[in-house]
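Student: I'll drop the sequence and a predicted model, then ask my questions.
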Amino acid sequence: MNGTVAELSSLDAADYDPLQHLNLVFAHPSTVSSAAAVKRAAATLQTRQHALEADIEARQTAQAYGPNSSLERMQSAQAELQELFRKIETVRARAVEAEQNITAMTADIKRLDGTKRNLALSMTALKRLQMLTTAYDQLRGLARSRQYRECASLLQAVLQLMRHFHSYRSIDQIATLSRGVGDVQRELLEQVCDDFELAFAKGDVAAHRATLVEACHVMDALGDTARARLVTWYVNTELREYRHVFRGNDEAGSLDNIGRRYAWFKRMMKAYEDEHASIFPPHWHVGETLAMAFCDGTRDDYKGILEKSMRRVDGAKIDVNLLLSCLQETMDFEQSIERRFSSEPRASIDTLSSADERTQSFNGSISVAFEPYLSLWVESQDKALAAMMPKYKAQPLLPADDEFSPQAVISSAIELFHFYKLTLSQCAKLSTSERLLDLTKTLAKYLDEYAQQVLLAILQRPAQTAASVQDIILVLNTADFWHTNTGQLEENIKKRIDPELVSQIDLSSQADAFLGVASTAVLALVNKVEAECEGAWREMKNTNWSKMESVGDQSSYVGELVSNMNAKTEEILGIVVKPQYARAFADNLVEHIANAYIGHIVQCRPISEVGAEQMLLDKYVLTKSFSDLLSYHNPSTPPQPPPASFTKRVASTMTRIDPLLKTLQVRPTPPEGLVQAYLIHIGDRSDVNFRKLLELKGVRGKADQAHLVELFQIHRDASSSSSGGAANNNNKLVASNPLLGSLMNASGLGSTGGLQIAGSAGALTNAATGGGTSGGGGARFDPASLGEKLLSAARDGVERIGTPSQPGGESSGGGAGGNVAGVAQNAASINENLRNFGKFFRRDIAISGLGARFGKRDVSGSGGAGNSGE
């Protein structure tokens with residue numbers, strides 16, 4: 001029993017745990033197997049459940065029907081709500097009743113207020129009507145007696161009073177009065193106009209000046225329409241004589257008498273200021289309106305005259321000088337009246353409105369009629385420039401009384417520059433639209449002409465008048481001068497031309513053309529040095545390189561070569577001003593001498609192993625002397641070291657010779673040694689190139705050559721297929737070594753007539769110095785054909801410039817006449833290739849490390865990090 005009570009009490013615990021309860025009931029495993037124990041526990045739980053259900057039901061009944069039940073509370077709340085609604089309705093009814101009482105009490109007050117307001121409006125309207133009627137009657141009387149001063153103030157009052165009665169015009173009396181006021185306005189307008197017409201017709205303006213001044217005040221009161229009518233009448237009256245004289249008479253209205261038009265206007269304006277300006281109020285701006293009407297009429301007259309002149313039956317065109325003179329005089333006139341009226345003080349006391357009051361401008365008001373015909377002026381400038389080119393080509397480079405200086409520029413360039421500056425300034429004043437664009441194209445055309453026919457022609461002079469070093473320096477300075485100013489010219493035009501045409505302004509091709517001339521001048525200077533080296537090259541060719549027994553100091557020809565080269569370089573670099581051109585000269589000189597050295601190595605064949613070793617030693621001496629070339633430009637104490645980029649370029653240029661000379665140092669026996677040396681140093685797969693090497697070494701026997709070629713083919717194929725052979729570049733042989741591949745034509749093997757130097761600089765050197773080198777006669781510098789051959793080099797492109805001349809050194813033009821005809825026929829292509837030449841020159845200099853565009857005057861130093869790409 002105690003266990004049962006404990007069990008029952010545990011069911012009411014807040015932290016009741018069913019598992020704990022079951023463990024308490026079945027405390028031992030044996031109790032679980034006892035059916036009686038299970039039944040007792042089930043009966044106990046059933047009894048507990050019934051007791052709880054009975055307790056819950058009793059509590060629910062008590063909650064629902066007890067004295068404090070929720071049903072009673074709900075009924076009580078509904079009763080209270082009904083009472084609240086009743087009270088609200090009572091309050092609303094009382095509020096409505098109070099409102100009705102207040103409305104009844106204030107109704108009389110509202111009526112009195114409305115009556116008072118209506119009475120005040122009526123009294124005001126009656127007073128205004130009385131004032132309007134009185135003023136109207138007075139205005140009619142004053143108008144008949146022409147008392148305009150009083151009329152003006154009274155008319156303003158009448159019009160202001162009349163505005164208050166616009167809403168009452170449905171009343172007959174008000175409508176009648178409104179019509180009467182309108183009639184008075186029209187009568188005053190006509191009366192004032194009649195007074196003005198009568199006074200001006202009889203010439204009694206001075207006598208009636210006071211009346212007319214007062215009449216203008218009336219016109220002001222009548223409004224803008226009346227004022228515009230009077231001003232229009234006055235302008236037409238003043239310009240009637242002008243239109244009659246200059247429109248009805250072809251002679252007076254012609255362009256020859258354009259000055260008479262402006263003189264007439266000045267006389268008219270003087271008469272206006274002396275006699276009529278005081279009549280009109282200043283804020284009417286009658287003088288400005290009169291001037292604008294004159295400009296409009298004159299512009300229309302000019303349009304008709306110019307159109308008639310262009311349609312003349314005899315086909316004669318307008319005199320360009322007359323057209324330009326008329327246009328200039330017209331523009332001066334426009335500027336004078338613009339200054340005159342823009343400086344006039346404004347009468348308005350409102351500074352903002354007075355600042356914006358003047359919206360029209362006289363600039364271009366007449367001259368716009370000339371713009372469609374400015375193409376004639378552009379054509380005249382074209383003819384003038386065309387006539388200047390032959391004169392510039394024939395005249396001396398410097399005036400007779402001027403001495404040469406390293407900074408000097410050809411005098412014709414200065415003259416042409418001033419002409420361009422004046423012409424552009426003049427055209428920009430005349431037109432900033434299509435005509436300025438047309439002029440720009442004309443100027444661009446003659447920049448090309450000047451570069452080709454004047455500057456480049458100096459380098460094409462025949463032998464008896466060949467360009468000297470000073471002449472070439474003048475060409476170089478002039479080309480740089482125009483290269484710089486062409487860019488500035490382009491920017492100046494872009495600032496002046498209309499915005500929509502800016503994109504069409506481009507003078508970069510002309511700048512490139514002048515850069516091409518500069519590069520040609522640099523190459524001409526290089527060829528001056530090469531001409532001094534011809535004796536040394538002849539001595540080199542006369543040396544028996546196949547019988548040389550030992551290697552000594554530098555060869556004798558090297559000393560002469562270095563001495564002549566340094567002397568001429570010192571002369572040239574002493575008068576070259578800009579560092580970029582000095583660097584370009586040095587780079588090209590190294591390139592040309594190196595290629596000439598390679599070419600003369602070919603001419604010295606056969607070459608023994610000792611001879612090749614001596615040549616390699618000579619090459620080192622030349623390399624050292626090349627590194628000091630730039631020391632002759634702006635020499636200093638102590639001497640500055642050469643730029644690292646230049647030293648690197650010299651080394652790169654001269655190192656190209658090493659593989660050839662090192663291979664020539666290997667004896668042909670045993671043959672495997674020569675073949676392996678070729679594969680290591682030359683590193684190509686070409687049988688032709690290998691035969692060229694044998695030719696240089698003097699292996700001319702067919703059996704010996706065949707054996708060596710066969711052995712070369714075996715080793716070549718074996719080294720290409722093996723993984724550990726001695727082939728160059730990790731067994732990757734090129735098809736043909738560029739240096740050896742261009743030394744001799746295959747058809748010229750075994751002879752001396754087929755030599756050819758390759759590479760862009762080498763080809764240009766070859767073209768500029770008179771063609772290929774022959775074993776019999778040797779190369780010789782020919783100043784007469786320098787410019788022509790440079791042009792030929794420019795025609796052939798950028799990467800491979802020029803081809804060797806045929807034996808005899810004659811061009812295909814057939815003589816001087818044929819050459820001139822050919823240049824004239826191909827002028828466009830020459831200009832294009834000259835521009836390409838300039839681009840190539842700029843690229844070459846940029847690669848050398850200058851990093852600056854030619855023509856800039858702030859270039860400092862010639863060093864840089866770049867290197868040539870050979």
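Tutor: Thanks, I have the structure now.
Student: Could you pull up the residues touching Glu560?
Tutor: Residues in contact with Glu560 (Cβ atoms under 8 Å, 6 or more residues apart in numbering) are Gly535, Ala536, Glu539. Where C-beta positions appear, they are placed from N, C-alpha and C, glycine not excepted.
Student: Pull out the buried residues from these.
Tutor: The neighbour count (16 or more other Cβ atoms under 10 Å) marks Ala536 as buried among these.
Student: Closest to Val666 out of the contacts of Glu560?
Tutor: Glu539 (26.7 Å; Cβ to Cβ).
Student: Specify the local secondary structure of that closest one.
Tutor: Classification of Glu539 by DSSP: H, G, I helix; E, B strand; the rest coil places it in helix.
Student: Same question for Asp401.
Tutor: Three-state assignment for Asp401 (three-state DSSP): coil.
Student: Run a quick neighbour tally on it.
Tutor: 5 (other Cβ atoms under 10 Å).
Student: what does Lys87 give?
Tutor: 9.
Student: low pLDDT regions in the stretch 601-750 of the chain?
Tutor: 719-731, 744-750 (pLDDT under 70).
Student: can we see that at 50?
Tutor: 723-730, 746-750 (pLDDT under 50).
Student: quick one, phi psi at the residue nearest to the spatial centre of the chain?
Tutor: Centroid-nearest residue in the chain, with Cα atoms, centre = their mean: Ser503, separated by 7.0 Å. The phi and psi values for Ser503, taken as degrees, to the nearest 10, are phi -70, psi -20.
Student: Who are the contact partners of it?
Tutor: Contact analysis of Ser503 by Cβ under 8 Å, 6+ apart lists nothing.
Student: now it: how far from Ile497?
Tutor: Distance, Ser503 to Ile497, using Cβ to Cβ, to the nearest Å: 10 Å.
Student: And for Ala62?
Tutor: Separation of Ala62 from Ile497 (Cβ to Cβ): 108 Å.
Student: So those two - more neighbours on which side?
Tutor: Taking neighbours as other Cβ under 10 Å, Ala62 and Ile497 compare with Ile497 leading, 23 against 12.
Student: separation between the more buried one and His483?
Tutor: According to Cβ to Cβ, Ile497 stands 22 Å off from His483.
Student: Heading C-terminal from the longest helix belonging to the chain, find the next helix or strand.
Tutor: Longest helix in the chain, counting residues (DSSP state H): helix 70-144. Where DSSP states H and E defines the elements, the next helix or strand beyond helix 70-144 is helix 148-163.
Student: give me the number of residues near His226?
Tutor: For residue 226 the amino acid is Ala, not His. Using other Cβ under 10 Å, Ala226 has 19 neighbouring residues.
Student: Now it: which helix or strand?
Tutor: helix 224-247.
Student: Mind giving me the packing neighbours of that helix?
Tutor: With contacts taken as 3 or more Cβ pairs under 8 Å, 6 or more residues apart in numbering; DSSP states H and E, helix 224-247 sits against helix 172-202, helix 209-222, helix 258-271, helix 286-310.
Student: most neighbours per residue, which of these?
Tutor: helix 209-222 (a mean of 19; mean count of other Cβ atoms under 10 Å).
Student: Against which helices or strands is that one packed?
Tutor: Helix 209-222 packs on helix 148-163, helix 172-202, helix 224-247, going by 3+ Cβ pairs under 8 Å, 6+ apart.
Student: out of the ones you listed, nearest to Leu573?
Tutor: Closest to Leu573 of those, according to Cβ to Cβ: helix 224-247, at 69.1 Å.
Student: which outside residues touch that closest one?
Tutor: Counting by Cβ under 8 Å, 6+ apart, residues outside helix 224-247 touching it are 189, 192-193, 196-197, 200, 216, 219-220, 252-253, 257, 260-261, 264-265, 268, 272, 276, 280, 284, 286, 289-290, 293-294, 297, 301.
Student: List the buried residues for it?
Tutor: Buried residues in helix 224-247 (16+ other Cβ under 10 Å): Ala226, Arg227, Leu230, Val231, Tyr234, Val235, Glu238, Leu239, Tyr242, Phe246.
Student: now do stretch 159-173
Tutor: Neighbour count says stretch 159-173 has Leu161, Met162, Phe165 buried, by 16+ other Cβ under 10 Å.
Student: Mind putting the helices and strands packed on helix 209-222 into TSV with distance to Leu515 and mean pLDDT?
Tutor: As requested, the helices and strands packed on helix 209-222 are exported to TSV (distance: least, Cβ to Cβ, whole Å; pLDDT from 0 to 100):
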stretch	distance to Leu515	mean pLDDT
helix 148-163	76	83
helix 172-202	71	86
helix 224-247	55	89
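Student: can I get the ones you listed in a markdown table with distance to Leu374?
Tutor: Output for the helices and strands packed on helix 209-222, formatted as a markdown table (distance: least, Cβ to Cβ, whole Å):
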| stretch | distance to Leu374 |
| --- | --- |
| helix 148-163 | 51 |
| helix 172-202 | 41 |
| helix 224-247 | 23 |
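Student: Which one of the buried residues of helix 224-247 is nearest to Asn634?
Tutor: Lowest distance from Asn634 to those (Cβ to Cβ) belongs to Phe246, with 68.7 Å.
Student: related to what we said a few turns ago, the helix holding Ala226 to helix 172-202, inter-axis angle?
Tutor: Relative orientation of helix 224-247 versus helix 172-202 (axes from the mean of the first three to the mean of the last three Cα atoms, to 10 degrees): 30 degrees.
Student: Helix 224-247: how far from the chain's middle?
Tutor: 49 Å (Cα atoms, centre = their mean, to the nearest Å).
Student: any weak-confidence spans in the stretch 201-350 of the chain?
Tutor: Within the stretch 201-350 of the chain, the stretches with pLDDT under 50 are 346-350.
Student: what's the closest non-adjacent residue to Ser736?
Tutor: Ser686 (4.4 Å; Cβ to Cβ, 6 or more residues apart in numbering).
Student: now do Tyr420
Tutor: Leu443 (5.9 Å).
Student: what number of residues lie near the one you found?
Tutor: Number of residues near Leu443 (other Cβ under 10 Å) recorded here: 24.
Student: Surely it is in contact with Cys427?
Tutor: No: if you go by Cβ atoms under 8 Å, Leu443 and Cys427 don't touch, sitting 9.7 Å apart.
Student: give the contact list for Tyr272.
Tutor: If a contact means Cβ under 8 Å, 6+ apart, then Tyr272 has Glu238, Val286, Gly287, Leu290 as its contacts.
Student: Let me have those residues in JSON lines, extended by distance to Gln640.
Tutor: Below are those laid out as JSON lines (distance: Cβ to Cβ, whole Å):
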{"residue": "Glu238", "distance to Gln640": "80"}
{"residue": "Val286", "distance to Gln640": "77"}
{"residue": "Gly287", "distance to Gln640": "73"}
{"residue": "Leu290", "distance to Gln640": "75"}
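Student: Which parts of the stretch 501-650 of the chain are helices?
Tutor: Taking DSSP state H, counting those that start in this stretch as the criterion, the stretch 501-650 of the chain contains helices spanning 508-532, 534-542, 556-573, 579-603, 609-627, 644-655.
Student: Looking at these, which is nearest to Phe333?
Tutor: Nearest to Phe333 among the helices of the stretch 501-650 of the chain is helix 508-532 (36.8 Å), distances taken as Cβ to Cβ.
Student: by contact count, what packs against the closest one?
Tutor: So helix 508-532, by 3+ Cβ pairs under 8 Å, 6+ apart, packs with helix 434-449, helix 469-496, helix 556-573, helix 579-603, helix 760-768, helix 786-795, helix 827-847.
Student: orientation of the third one relative to helix 609-627 in degrees?
Tutor: When you say that, I think you mean helix 556-573. 20 degrees.
Student: again with the first one
Tutor: Angle of helix 434-449 versus helix 609-627, following the same axes, to 10 degrees, is 140 degrees.
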